[in-house]
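K.L.:
Need the 3D shape of this:
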Amino acid sequence: MTAYPDRPGSRVVYSTGVGRVCPACRRPAERCECRGSKASAPPRDGIVRVGRQTQGRAGKGVTVVTGVPLGATELEQLAKALKQRCGSGGTVRDGTIEIQGEHRDTLVAELTKRGYTVKRSGG
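P.N.:
Sure, this is the predicted structure:
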């Protein structure tokens, strides 16, 4: 996909015909070449880490669970159960579970009860 065929190396700056574009490989999301690559997956050492982030959220805290050794569908099911346990909203994004609010202690206890090795990360 070239903006100008007579100018090699040029790229499309704006187009309404493509839709969503992968930020890594710059291809349409349907034809992404880097999807599922091991480079984008977080390292899995058997330890589930529960931390807190506020970056890019206007100061609002989000509890982030990383390193869960599950597939996509099982991760969605676990996220649903954790959201219900905390009574809060959240999402699964890039292999991590994000729960709205400060719920580190609750999530550490719940994940330990489910048999995971859990560590609190961050401050």
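K.L.:
pLDDT averaged over stretch 100-118, what's the number?
P.N.:
The average of the pLDDT scores along stretch 100-118 is 92.
K.L.:
List the buried residues in it.
P.N.:
For stretch 100-118, the buried set under the neighbour-count rule, 16 or more other CB atoms under 10 Å, comprises Gln100, Gly101, His103, Arg104, Thr106, Leu107, Val108, Glu110, Leu111, Tyr116, Val118. To be clear about C-beta, it is placed using only N, CA and C from the backbone, and glycine gets the same treatment.
K.L.:
Columns distance to Ala29 and secondary structure on top of the residues you listed, output as CSV?
P.N.:
Listed next are the buried residues of stretch 100-118 as CSV, based on distance: CB to CB, whole Å; DSSP: H, G, I helix; E, B strand; the rest coil:
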residue, distance to Ala29, secondary structure
Gln100, 26, strand
Gly101, 30, strand
His103, 31, coil
Arg104, 33, helix
Thr106, 34, helix
Leu107, 30, helix
Val108, 35, helix
Glu110, 33, helix
Leu111, 31, helix
Tyr116, 32, coil
Val118, 33, strand
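K.L.:
Contacts for the host helix or strand of Gln77, please.
P.N.:
Secondary structure assigned from DSSP states H and E places Gln77 in helix 72-86. Helix 72-86 is contacted by residues 63, 65, 68, 70, 89-92, 95, 97, 99, 101, 103, 106-107, 110-111 when judged by CB atoms under 8 Å, 6 or more residues apart in numbering.
K.L.:
Just after it, pick out the following helix or strand.
P.N.:
Next in line after helix 72-86, if elements are assigned by DSSP H and E, sits strand 90-93.
K.L.:
Send over stretch 69-85 as PDB, restricted to the C-alpha atoms.
P.N.:
Taking C-alpha atoms only, stretch 69-85 is exported to PDB below (Å, rounded to 0.1, in the frame of the first residue of the first chain):
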ATOM      1  CA  PRO A  69      -0.800 -18.400  32.000                       C
ATOM      2  CA  LEU A  70      -4.200 -18.800  30.200                       C
ATOM      3  CA  GLY A  71      -5.500 -18.500  26.700                       C
ATOM      4  CA  ALA A  72      -7.600 -15.700  25.400                       C
ATOM      5  CA  THR A  73     -11.000 -17.200  26.200                       C
ATOM      6  CA  GLU A  74     -10.000 -18.500  29.700                       C
ATOM      7  CA  LEU A  75      -8.500 -15.000  30.400                       C
ATOM      8  CA  GLU A  76     -11.800 -13.400  29.500                       C
ATOM      9  CA  GLN A  77     -13.600 -15.800  31.900                       C
ATOM     10  CA  LEU A  78     -11.200 -15.100  34.700                       C
ATOM     11  CA  ALA A  79     -11.500 -11.300  34.100                       C
ATOM     12  CA  LYS A  80     -15.300 -11.600  34.300                       C
ATOM     13  CA  ALA A  81     -15.000 -13.500  37.600                       C
ATOM     14  CA  LEU A  82     -12.500 -11.000  39.100                       C
ATOM     15  CA  LYS A  83     -14.600  -8.000  38.000                       C
ATOM     16  CA  GLN A  84     -17.700  -9.600  39.800                       C
ATOM     17  CA  ARG A  85     -15.600 -10.300  42.900                       C
END
